[in-house]
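J.: The following comprises the amino acid sequence and a computationally predicted model.
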Amino acid sequence: MTVFSLEHVGCDLCGETSYRERYRKPDTRFWVSLYAFPVVECNGCGLVYLNPRPDQNSMAPFYPANYHKNRDGEKFKRRYDLQMTFLPKMADAKVLDIGCARGDFLAHLRGKVPTAVVTGVDYFSQGIGHDNIRFIRTLLPCPELKDREFDVITAWAVMEHLHAPSVYFTEIARILKPGGKFVFQVPNSQSLWGACAFREDTPRHTYHFSPASLQKYADKFGFKLTKVVHDDELFDGRGKGTFLHLMGRLTCVTWENHFKKNFNPLQKLALWIGKTIDSTVFSFHWEKAIGRSGNMVVEFERKA
């Protein structure tokens, strides 16, 4: 198991240092470590985040080589079409995609809107696989990006991975034109998906947002919160796992049991019952319909 350093942080949104713990969860995607990271809720503003968390120098092992593998392949074109439906009209628009990887979404966008002028930034990409896309290998802030340069900025499944979202909101407010749109996808901390089903990608998801915390970010950094779409098509946001983990808690199933797939007969039966209930209850997209889906597509508009 990986050795890493932890850091304690205050709230990124309001600076409060007191919080209550929601739950603990290890890296159940790659099992890099069995350490159960605390997911906490700020006592000041309600922002949900990881605390303590791996410091920036310790995050690399949690992003193994296969983490980004094929994320921009052919199978993603349906997702790109869906992403396009959330964007405003963009004829002649200057567009920035944060976390652009190889630039496949921007290439898809230009195929739909040939007059758009597109830029991509990604610190973890070595370059762009397409022509006519300006690429900068960088984190934000970036001095190469000009004040009020862009009409539209996008970030798909990026903001929840940051160590300081406020830094990005500050920079986006600087480089977005007044009236310009920032469209981004983030998980919903108030959903069953985020609060009960343990579907958050801990510790890679360092911040878990909600409509209320997004409104506070908008107010603080000079945006209008113009749209929150509860979506589970870009990424499945249903609460599958809620009943499985409930039955696991009732029969004392630990995270180490999940890692080793080591369960006694009673635990196996309980987990099967929970999984069966999950399959029934979450077979429909009712959470999306009532505005509680685990993922949200959000639109901020830059104030004048």
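T.: Alright, I've got the coordinates.

J.: Strands of the stretch 51-200 of the chain, start to end?
T.: Applying DSSP state E, counting those that start in this stretch to the stretch 51-200 of the chain gives strands spanning 53-54, 94-98, 117-121, 134-136, 150-156, 176-187.

J.: swap that for the stretch 201-304 of the chain, sorry
T.: Under DSSP E, counting those that start in this stretch, the stretch 201-304 of the chain gives strands at 207-208, 223-230, 295-302.

J.: one step back: the strands of the stretch 51-200 of the chain: which one's closest to Gly46?
T.: Nearest of those to Gly46, taken as C-beta to C-beta: strand 176-187 at 15.0 Å. For every residue, glycine as well, the C-beta is placed using N, CA and C.

J.: Parallel or antiparallel, list what pairs with that closest one.
T.: strand 150-156 (parallel), strand 295-302 (antiparallel) (DSSP bridges).

J.: Please save the CA atoms from the first one in CSV.
T.: Read that as strand 150-156. Presented in CSV, the C-alpha positions along strand 150-156 are these (Å, rounded to 0.1, in the frame of the first residue of the first chain):
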residue,chain,number,x,y,z
PHE,A,150,-13.3,34.0,-23.5
ASP,A,151,-17.0,33.9,-24.3
VAL,A,152,-17.4,30.4,-23.0
ILE,A,153,-15.3,28.3,-20.6
THR,A,154,-16.0,24.6,-19.8
ALA,A,155,-14.7,22.1,-17.2
TRP,A,156,-16.1,18.6,-17.3
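
J.: which outside residues touch that strand?
T.: 83, 87-88, 90, 93-99, 105, 119, 168, 172, 175-177, 180-185, 234 (C-beta atoms under 8 Å, 6 or more residues apart in numbering).

J.: Could I have the buried ones of those residues as PyMOL selection syntax?
T.: The PyMOL selection below is limited to those of the contacts of strand 150-156 classed as buried (16 or more other C-beta atoms under 10 Å):
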select buried, resi 83+87+90+93+94+95+96+97+98+99+105+119+168+172+175+176+177+180+181+182+183+184+185+234
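
J.: longest helix of this structure?
T.: helix 265-281 (DSSP state H).

J.: so what secondary structure elements neighbour that one?
T.: Counting contacts by 3 or more C-beta pairs under 8 Å, 6 or more residues apart in numbering; DSSP states H and E, helix 265-281 packs against helix 242-250.

J.: Alpha carbons of the helix it packs on, as PDB, please.
T.: Taking Å, rounded to 0.1, in the frame of the first residue of the first chain, the C-alpha atoms of helix 242-250 are listed here in PDB:
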ATOM      1  CA  THR A 242     -27.100   2.900  -0.800                       C
ATOM      2  CA  PHE A 243     -28.800  -0.300   0.400                       C
ATOM      3  CA  LEU A 244     -25.800  -2.500  -0.200                       C
ATOM      4  CA  HIS A 245     -23.700  -0.300   2.200                       C
ATOM      5  CA  LEU A 246     -26.700  -0.100   4.700                       C
ATOM      6  CA  MET A 247     -26.900  -3.900   4.900                       C
ATOM      7  CA  GLY A 248     -23.100  -4.000   5.100                       C
ATOM      8  CA  ARG A 249     -23.100  -1.700   8.100                       C
ATOM      9  CA  LEU A 250     -25.800  -3.800   9.800                       C
END
